[in-house]
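# Build me a model:
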Amino acid sequence: MFRVDIINKTLIKLKPTNFSELGLKERFDIQEWIEKKPTILGEELLVIGKEVILASGKRLDLLCVNKSAALVVVELKRDDSGSSVEWQAIKYASYCSSLLPGEIFKLYASYLNKSEFDATKKIEEFIDADIELLNAKQHIILASKEFNSEVISAVLWLREYGVDIQCTRLAPFIDSDGELFIKPETIIPLPEAKDYIERKEVKQRAIASNQDGWTGSWFVNVGEGKYRNWDDNRQFGFIGAGQGKVYSSALNRLAVGDKIYAYMKGCGYVGFGEVTKPAVMIRDFITDSNVPLLSAGLKAEHPNANSDNEELSEWVVGVRWIKSLPREQAKTFSGIFANQNVVCKLRHEQTLKFVQSEFGQ
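Okay, the predicted model is just below:
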């Protein structure tokens, strides 16, 4: 690793070192750095616990949540992983897999020293998935300067059998002034193989979705109010959400080609359509008539509220409505499926049969 002297156009080699040589500790130094900047591990993480004491009395280094709502077990070693760190992490992940959402909120509230309501809200705002999927999956991150060959072999084998586990190398270097640099590098899975792995995971999720009773149709809340209007949705071919990332980010779950059933609270189901365009800020959405949506003559009171603020703006997804109804003709029955989430999978068998009969499939 080299430091660049731009002025003198030279490369200055940095000296590789060990954390132990520098007197740095796993728990009191490395763990603290990662807690404050977890992205060093290669993805956005929300730390929800540190030195978490398990039922066995063992301490889990860091417990996090990732954007997909998976619980992430982070196991740290200083200069060498040892020969059984993966087994240690698997035991921790196994224990954490049984944690209920309420237990996770309570744990995070204790870590924050705030209320469970605050903890729940922070997690909901962070994840890009339904809160009901919290801890549906677990992810393991092993971090160390070096990894024992037995650990590497075991991790590769575990991944073949569907265990979501990665190895991230944290290599320390010092320069001539004694300044410390850390080079993070995920070695399993290799970044070069990321595209292949993601395609494989998409296929596996598709297979799994058929096994868990989901047929591929999405439930979407219309959320009519001063920022959005169902008549606009029907006329200009879109569905929207916003005034907070916790709402708008849910639209990212919808991909072009997905089938959606639109539901209006207090009324019933009002539309069935196919997604034609991915989510964008409302100011950037162009209608099929090649007109900016905000210039199309919308009926909504304030559709342009916060339209220059990525966090608070309305976001919209393009939809080709196969069948849509005025709100007064909404279709419903006693016990029909409804959900407070903006987007979620429509699995309720009775409701699915009903909307397919009323709107098509």
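# Mind checking what helix or strand follows the helix or strand of the chain with the lowest mean pLDDT in sequence?
Every helix and strand in the chain was compared by mean pLDDT, DSSP states H and E; the lowest is helix 194-211, with a mean of 59. Once the chain leaves helix 194-211, the next helix or strand it forms, by DSSP states H and E, is strand 217-221.
# on contacts alone, who are the packing partners of the helix or strand just after that next one?
Heading C-terminal from strand 217-221, the first helix or strand you meet, by DSSP H and E, is helix 230-236. Applying 3 or more C-beta pairs under 8 Å, 6 or more residues apart in numbering; DSSP states H and E, one finds that helix 230-236 contacts strand 238-241, strand 268-281, strand 315-324. C-beta here means a position set from N, CA and C on the backbone, and glycine is covered the same way.
# hang on, residue 32 is in a strand, isn't it?
No: counting by DSSP: H, G, I helix; E, B strand; the rest coil, residue 32 is located in no strand; its state is helix.
# now do the same end-to-end measure for stretch 235-244.
25 Å (C-alpha to C-alpha, to the nearest Å).
# can you map out the helices along the chain?
Assigned by DSSP state H, the chain shows helices spanning 31-36, 85-96, 101-112, 116-126, 149-160, 194-211, 230-236, 245-248, 349-359.
# As a markdown table, those with mean neighbour count and distance to residue 321 would be great.
A markdown table is the format used below for these (neighbours: other C-beta atoms under 10 Å; distance: least, C-beta to C-beta, whole Å):
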| stretch | mean neighbour count | distance to residue 321 |
| --- | --- | --- |
| helix 31-36 | 16 | 47 |
| helix 85-96 | 19 | 43 |
| helix 101-112 | 17 | 35 |
| helix 116-126 | 17 | 29 |
| helix 149-160 | 15 | 42 |
| helix 194-211 | 11 | 24 |
| helix 230-236 | 20 | 6 |
| helix 245-248 | 20 | 21 |
| helix 349-359 | 16 | 10 |
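# And the ones you listed: which comes nearest residue 9?
helix 31-36 (31.9 Å; C-beta to C-beta).
# Would you format the helices of the chain as JSON lines with distance to residue 325 included?
JSON lines is the format used below for the helices of the chain (distance: least, C-beta to C-beta, whole Å):
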{"stretch": "helix 31-36", "distance to residue 325": "51"}
{"stretch": "helix 85-96", "distance to residue 325": "45"}
{"stretch": "helix 101-112", "distance to residue 325": "35"}
{"stretch": "helix 116-126", "distance to residue 325": "31"}
{"stretch": "helix 149-160", "distance to residue 325": "48"}
{"stretch": "helix 194-211", "distance to residue 325": "28"}
{"stretch": "helix 230-236", "distance to residue 325": "9"}
{"stretch": "helix 245-248", "distance to residue 325": "24"}
{"stretch": "helix 349-359", "distance to residue 325": "8"}
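# if we can go back for a sec, could you look over the helices and strands packed on helix 230-236 and pick the most buried one?
strand 238-241 (a mean of 26; mean count of other C-beta atoms under 10 Å).
# What is the distance between it and the centre of its chain?
With C-alpha atoms, centre = their mean, to the nearest Å as the basis, strand 238-241 stands 20 Å off its chain's centre.
# Touching that strand from outside, list them.
Contact with strand 238-241 is made by 220-223, 227-228, 232-233, 247-248, 250-251, 260, 262, 273, 277, 282, 285, 287, 293, 303, 314-319, 342, as judged by C-beta atoms under 8 Å, 6 or more residues apart in numbering.
# ok, that strand: who's next to it in the sheet?
Sheet partners assigned to strand 238-241 using DSSP bridges are listed as strand 315-324 (antiparallel).
# which residues touch the partner strand?
In contact with strand 315-324 (C-beta under 8 Å, 6+ apart) are residues 233-234, 237-242, 248, 251, 254, 260, 262, 270-282, 285, 293, 359-360.
# What mean pLDDT does that strand get?
Averaged over strand 315-324, pLDDT sits at 96.
# now that strand against strand 268-281, angle please.
Note on geometry: by axes from the mean of the first three to the mean of the last three C-alpha atoms, to 10 degrees, strand 315-324 and strand 268-281 are set 150 degrees apart in direction.
# what inclination does strand 315-324 have with respect to helix 349-359?
70 degrees.
# Use 57 as the first number from now on
In the new numbering, first residue 57, that becomes strand 371-380.
# Strand 371-380: how far from the chain's middle?
24 Å.
# Take it, keep the C-alpha atoms, and write them as CSV.
What follows is strand 371-380, C-alpha atoms only, in CSV (Å, rounded to 0.1, in the frame of the first residue of the first chain):
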residue,chain,number,x,y,z
TRP,A,371,-41.3,9.3,-5.0
VAL,A,372,-43.3,7.7,-7.7
VAL,A,373,-43.3,4.4,-9.6
GLY,A,374,-44.7,4.1,-13.2
VAL,A,375,-47.7,1.8,-13.5
ARG,A,376,-49.7,0.6,-16.5
TRP,A,377,-53.1,0.2,-14.9
ILE,A,378,-54.8,-3.0,-16.3
LYS,A,379,-58.0,-2.2,-14.4
SER,A,380,-58.7,0.7,-12.1
